[in-house]
Structure formats: C-alpha cells, structure tokens
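> what follows is a predicted structure for the sequence shown.
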Amino acid sequence: MSSPALPARRPRESMIGRLTLLVCSVLATLFLLEIGCRLMRGPEALLDWRNIVLVKRLEMSAQNIGHRFTYDPLLGYVQRNGYSDRLMAFGEHGFRRMPPPPADAAEGPPILATGDSYTQGDEVDDDHTWPAQLQGLLRRRTINAGVAAYGFDQIVLRTEQLVPVVKPGLIVLGFIGDDLRRAEMSRTWGTEKPYFSVRNGVEELHNVPVPASPDPRDTLDFRQKAVGWSVLLDTILIHRGLQYEWLVDHRRATPPGTGTRLACPLLRRIAALGVPTLVVAQYDFYVWQNAEFAAEQRRISQDVLKCADAAGLASLDLYDRTEKAVRARGHDALYLTWHPSPAGYRLIAEAIAAEVERLHMTPTR
C-alpha cells in the first residue's frame, strides 16, 4: 500500500521562506561587519553605541556660541571678547590680538583685515597670522577682524559693520573658494547665519535678525536618527569621502552656485564704502591634494576676483605663488592640519604687502 503524498508547498510560502532566510543572512552579515569595524577602532567601541552624528554635533555646539563665539543679530556670531586658548586671544569687537606695531610704524588710519579663519589665523599663535605679519612688513597698524567659519556674505557684512567703527585707510578682504558655498547656507556647523538671495543681479538679505541656533538633538534627519550609531556606515563614508557632509549641520537656503552669483553685488557694497580695498584669493590645503577640487576652487576664486575688478577694487590671486611654494618646499611646510603654517601665512603676508606697495595703497593720513 503506497504512502499518502505530502502536500506540495505553496509557491508563496516558499518565496516568503527564501526571503526570510535572505533577510536574516543580510542582517547577520551586517551585524558581523559592524562588530568588525568596532573592533578595528578599539574594544571600547563595542560598549559605545551612541549616535555618532549627534555626538559630533554636540561637540561642535559646545565650541560655538557661549564658548569661542558670541551671538550677533546681523552676522549670527563673532569671536567673543576675552576668549583665549593656548594659541589665540581676542579683544574688543572680537578682534584677534595683535603684536604691538613696530616702533617706527607710520601714523595714520589702520589697515582692516577681514575674512574667515584664514584671515583670523587658525592653528597659529597671535604673532604669526598674516595680518600680524603684514603689520610688520608695511609698518602700519593692522586690525585682524577675521572670523572662523564665515561665509562670503558674512565677511562682507562684517566689513560694512566695522568700517564706521575703525575708519580704516585700507581694507584687505581675504577669502577661500569654500566661503562662496557657505554663503548659500542659512546654518553652518550648527549655527544660524544670515544669507542673501539674488534676483536680476540684486541681492536681498534674509534671516536677520539671526534666530537662535537649534539644539543639535533637533537637527538629525530620519536617516541620521536611524543609523547614525553605525560604525560600519561611518567607516564606509570615510573611505568614500562623504563623512563630513553626513556629520556636520549645514542647512542650504539657496541653490548651488548662488554664492558665486552673489559675489558681484556683494563686492559692489564693499566698493560703496569708499575705502581702498584689496580682495585676496587664498587657497585651502585640499587644493594641493585633489586636482578636481583645485580646478573648482580656482574657477570660483577667479569669478570673485573678476567681480572685484568690475567693482573698481584691487584684486590678488595667490594660486600661482602658493603652488610654486608647495612644489618647492612641500605641502607640510606651508600647511598644518586645515590652515597655513606660520610659513604659509608669511607667504600670504608678503604677497599682500608687495601688491599694496606696487599699487601705492599704503594708508596715509
């Protein structure tokens, strides 16, 4: 007598079983990879499952307003009067502390240096920023009003804000190409800022008075909340060069390219101040490590300098001079981690001093 036939498995049940097995296999593999990546970072990583994105944003927030910076309703933030660390110190109006002018320094109105962290002189002491070295070369009192992390829009607004206060005889406005991208944001590194839109070549200011910056816990999107704890994902992003944008808290307010289109109307505002001005294009460390990035940054910088020329301002491009120095002396001689070394800032100061003297722009009474 034959055995009864077993009922055939339904196709749907078979498919569900295979999918379940596949999902379990993928999850198990990802878990093992996660553990492996954590072990590569050290055994302590096995116990620390905090959200990596949130941890980084909380660290950035701790360095922002209330610590190194103070709130400003127009600019978002400025350096805090009285802040100091092992390298830097800031005084009235958030100006970087300067060495005393040379004993034989000429009388007359000061030079006002504005810009971002390259003007401020991050990573070197007060005496080795390019404004400090420029003061010695030109023998004219110089004010370092650079502010770390500023966009091109904030640089222009701060220059407008300070000219009636310090009454300079010369403005030296320094920038890097990334400052134009920052001008497209309403929030950078977790801190709210002003921004401009531009229509038919006319700029319009937004986000002023600048609102309070949000709690970092409220800035994570769904993806960052869901998988921000993953060391595996963090490792992949590092190797693909994408970790920075994943971690930092930037909020885009205008389309890419707006910053460059703003350069001409913003520099016309500088020209309207009626103070002789030299606009200086500087180049960050990564320019000399990535040819594609270098081409983009140089194109942006040249667009800005063309706007300076059109506005009747003097302009100086440091690309060729810096490239020659990097080739001759090596990248590490001119740059530290993110910013120029004392020698790199010296190169900038010497180039500016030579151009100021060539154009007879030295302030007089």
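That came through, no problem. Numbers count the residues shown, from 1 in each chain.
> now the strands for the stretch 51-200 of the chain?
69-72, 76-79, 111-114, 142-144, 170-175, 185-188, 191-192, 195-199 (DSSP state E, counting those that start in this stretch).
> tally up the residues packed near the residue lying closest to D178 once chain neighbours are set aside, please.
Distances taken as Cβ to Cβ, 6 or more residues apart in numbering put D284 closest to D178, at 6.6 Å, once the chain neighbours are dropped. All C-beta spots, glycine's among them, are computed from the backbone N, C-alpha and C. For D284, the neighbour count with other Cβ atoms under 10 Å is 20.
> same question, S25
Residues lying near S25 (other Cβ under 10 Å) number 10.
> any idea where the helices of the stretch 151-300 of the chain begin and end?
With DSSP state H, counting those that start in this stretch as the criterion, the stretch 151-300 of the chain has helices at 152-166, 178-182, 222-227, 231-239, 243-247, 258-271, 291-310.
> pull up the distance across stretch 309-322, start to finish.
Length of stretch 309-322, first residue to last, Cα to Cα, to the nearest Å: 21 Å.
> repeat for stretch 326-341
12 Å.
> ok, and what's touching it?
Applying Cβ atoms under 8 Å, 6 or more residues apart in numbering, the contact partners of stretch 326-341 are 117-118, 121-124, 130, 284-285, 288-289, 322, 325, 343-344, 347-348.
> got a markdown table for the strands of the stretch 51-200 of the chain, with mean neighbour count, mean pLDDT and distance to G259 too?
As requested, the strands of the stretch 51-200 of the chain are exported to a markdown table (neighbours: other Cβ atoms under 10 Å; pLDDT from 0 to 100; distance: least, Cβ to Cβ, whole Å):
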| stretch | mean neighbour count | mean pLDDT | distance to G259 |
| --- | --- | --- | --- |
| strand 69-72 | 20 | 95 | 21 |
| strand 76-79 | 25 | 96 | 16 |
| strand 111-114 | 30 | 98 | 17 |
| strand 142-144 | 25 | 98 | 24 |
| strand 170-175 | 26 | 98 | 11 |
| strand 185-188 | 21 | 96 | 9 |
| strand 191-192 | 21 | 96 | 17 |
| strand 195-199 | 19 | 94 | 9 |
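> let me have the ones you listed in a markdown table, extended by distance to E245.
As requested, those are exported to a markdown table (distance: least, Cβ to Cβ, whole Å):
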| stretch | distance to E245 |
| --- | --- |
| strand 69-72 | 22 |
| strand 76-79 | 20 |
| strand 111-114 | 27 |
| strand 142-144 | 30 |
| strand 170-175 | 21 |
| strand 185-188 | 12 |
| strand 191-192 | 17 |
| strand 195-199 | 18 |
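> show me where pLDDT drops low in the stretch 51-200 of the chain?
By pLDDT under 70, the stretch 51-200 of the chain has no low-scoring segment.
> what do you get if the cut-off is 80, keeping everything else the same?
63-66 (pLDDT under 80).
> pLDDT value on M15, please?
Confidence at M15, expressed as pLDDT, is 83.
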